[in-house]
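Asker: after the sequence you'll find the predicted model.
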Amino acid sequence: MKFIVDQQVEDIEMPENLKLNTFLQEFHSDCPHPECIFGFYGFAFGQSPFPVPKMVQNALISNANKGAYAAVPGIPELRNAISKYNKHYFGMDVAPERIYVGPGTKELIFNLLEVLHGTVILPTPAWLGYLPQIRFLQKNYHMLPTRANKKFSPNDLRKLALRLQDRQKILILNNPHNPTGLLYDRLELEEIADVCREQNITVISDEIYAQTTYDFSKFVSMGKIYPEGTFVTNGLSKSHAAGGYRLGYVIFPQHATDLKRQFKKILATEYTAVSTPIQHAAVAGFEFSNEMDEYFEVTRGIHQVMGEYTYHKLSAIEGVRATKPNATFYLLADFNAFATDLQKMDIMTSQRLSESLIQHPYHTAIVGGDSLVLERTDFSARIAYVDYDGAKVYQNYLESRPKTSSEKVEFVKNNAPKVVAGLEMIERFFENLKKDIPQKFQVQKNLVA
Ligand SMILES: Cc1ncc(COP(=O)(O)O)c(C=O)c1O
């Protein structure tokens with residue numbers, strides 16, 4: 001039997017995160033070298049390495065008997081807990097009625113793009129999840145490239161908005177930012193909000209990494225700065241290391257009653273509601289408790305120590321420029337200074353660079369620039385510094401928090417040997433490149449289908 005696939009699906013590309021899986025699997029099964037057995041240094045996957053907080057796990061277990069469908073926007077206990085969570089951590093007064101729960105923020109962002117008419121403005125580089133959704137929905141979109149500091153300028157936003165004909169424009173703001181790890185501060189957000197008010201731009205503010213901000217007092221939600229025009233999305237995936245739970249929420253702008261009604265139709269049509277036991281588990285994650293507070297503080301402390309180490313190691317390689325992360329577990333490394341040397345080795349695209357680095361003798365997985373909505377020839381890469389045993393490292397950090405710079409370096413060396421070794425591999429790769437060692441860079445085959 002031959003099945004005919006809908007043209008709309010035919011036309012979209014495989015989302016980059018799935019491509020990455022294929023890429024690594026192929027590498028594993030195909031690599032003939034004995035050293036490949038150990039695996040690879042993983043800087044590619046953006047997943048928090050810590051265990052799901054115990055109290056969230058326990059709440060899930062004790063609510064396993066909840067078999068009834070939940071209300072479409074979420075169970076009242078959860079919407080209340082999220083409301084209080086936003087008050088406590090982000091200083092936002094959000095009535096529970098403004099909060100809708102969904103199966104992950106990725107789905108909720110997709111639902112928002114479904115319900116909102118208009119042209120999408122996507123600052124680049126960007127998280128690899130947005131573009132396939134925008135394309136799938138066949139929306140008009142425009143990239144907004146960032147400046148040298150890797151942030152977009154409000155003035156560039158204004159200029160772009162002035163050129164767009166649509167009655168409504170939708171800016172996807174991701175703060176803190178994947179892949180750069182950078183944070184837009186209050187002043188920057190106010191400048192962006194001014195342009196949004198002036199140009200009638202709606203904002204989807206993806207704040208999934210808010211809780212990972214290293215100096216937490218610096219995080220400000222766009223929902224606070226531009227409450228009348230911002231949809232804030234957040235969830236359990238990064239802050240609670242529970243991406244697999246698939247639970248996110250959206251905070252609607254003030255005075256969006258009719259829009260909420262339309263949104264509810266979409267949710268009811270597409271997935272009815274989030275799994276009821278998961279919603280009960282999430283209540284434990286969002287309600288204030290000393291245990292959760294400590295969890296946030298410890299995990300962001302570890303991300304910071306790993307981030308600083310990674311930043312310093314990469315910046316020490318002559319020619320490499322890296323963003324200094326203020327949050328998340330990523331940074332963006334810019335290898336464009338090596339463009340000529342790479343091209344000499346027939347490495348013309350960031351995809352080829354990823355392929356060269358994953359192969360023997362480097363065994364290092366990175367996410368190349370074209371997966372970050374950059375030009376294919378842009379030799380930038382996202383480096384995720386999470387390749388360590390999260391449960392063990394959490395415990396070690398609790399027992400003895402590194403304070404001085406040298407203690408922090410020691411902490412990384414003792415707790416994240418694969419991060420340390422992987423960064424050395426990246427350094428070696430670029431050293432060898434300078435030394436003109438061609439055989440090291442022969443890509444045996446194109447690994448990505
Ligand atoms: C910027 C960004 N937004 C959203 C998501 C997806 O979050 P969720 O698991 O809530 O769908 C991710 C996951 O990697 C992300 O990096």
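Answerer: It's in.

Asker: so who does the nearest residue to S380 once chain neighbours are set aside touch?
Answerer: Nearest residue to S380, sequence neighbours excluded (C-beta to C-beta, 6 or more residues apart in numbering): G369, at 4.3 Å. Every residue, glycine included, has its C-beta placed from N, CA and C. Residues near G369 by C-beta atoms under 8 Å, 6 or more residues apart in numbering: 125, 350, 375-376, 378-381.

Asker: now F43
Answerer: F43 touches 364-367, 381-385, 387, 422, counting by C-beta under 8 Å, 6+ apart.

Asker: minimum pLDDT in those residues, which residue is that?
Answerer: Within these, the minimum per-residue pLDDT falls on V367 (86).

Asker: what about that one, neighbour count?
Answerer: 26 (other C-beta atoms under 10 Å).

Asker: who does the closest residue to it other than its chain neighbours form a beta bridge with?
Answerer: Setting aside the residues directly before and after it, V367 is nearest to R382 in space (C-beta to C-beta, 6+ apart), at 4.3 Å. Beta-bridge pairing of R382, defined through DSSP bridges, involves L332, V367.

Asker: hmm, L372 and R382 touching each other?
Answerer: Yes: the pair R382 / L372 is scored as a contact, 5.8 Å apart, by C-beta atoms under 8 Å.

Asker: let me see the contact set for P103.
Answerer: Contacts of P103 (C-beta under 8 Å, 6+ apart): 246-248, 271, 274-275.

Asker: if you set the cut-off to 10 Å instead, what comes out?
Answerer: 235, 245-248, 267, 270-271, 273-275, 278 (C-beta atoms under 10 Å, 6 or more residues apart in numbering).

Asker: neighbour-wise, which one of those residues leads?
Answerer: Busiest of those [other C-beta under 10 Å] is G235, holding 30 neighbours.

Asker: anything in contact with each of R382 and L372?
Answerer: Common neighbours of R382 and L372 (C-beta under 10 Å, 6+ apart) are 125, 127-128, 178-180, 330, 332.

Asker: can you add secondary structure and give the contacts of G369 back as TSV?
Answerer: As requested, the contacts of G369 are arranged in TSV below (DSSP: H, G, I helix; E, B strand; the rest coil):
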residue	secondary structure
P125	coil
S350	helix
E375	coil
R376	coil
D378	coil
F379	coil
S380	strand
A381	strand
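
Asker: got a quick PyMOL command for the buried subset of those residues?
Answerer: Filtering the contacts of G369 down to the buried ones (16 or more other C-beta atoms under 10 Å) takes a single PyMOL command:
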select buried, resi 125+350+378+379+380+381
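
Asker: closest one to D6 out of the contacts of G369, please.
Answerer: Each of the contacts of G369 was scored against D6 by C-beta to C-beta, and R376 proved nearest at 27.6 Å.

Asker: what's the helix or strand that contains Q8 in contact with?
Answerer: Q8 is located in helix 7-10, with elements delineated by DSSP states H and E. Outside helix 7-10, the residues that touch it by C-beta under 10 Å, 6+ apart are 4, 135-138.

Asker: a markdown table please, covering these and showing secondary structure.
Answerer: Below are the contacts of helix 7-10 laid out as a markdown table (three-state DSSP):
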| residue | secondary structure |
| --- | --- |
| I4 | coil |
| R135 | helix |
| F136 | helix |
| L137 | coil |
| Q138 | coil |
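
Asker: coming back round to it: would you turn the contacts of F43 into TSV with distance to the ligand?
Answerer: Converted to TSV, the contacts of F43 look like this (distance: C-beta to the nearest ligand atom, whole Å):
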residue	distance to the ligand
T364	20
A365	16
I366	16
V367	11
A381	15
R382	10
I383	14
A384	10
Y385	14
D387	16
G422	20
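
Asker: with that, I have no additional questions.
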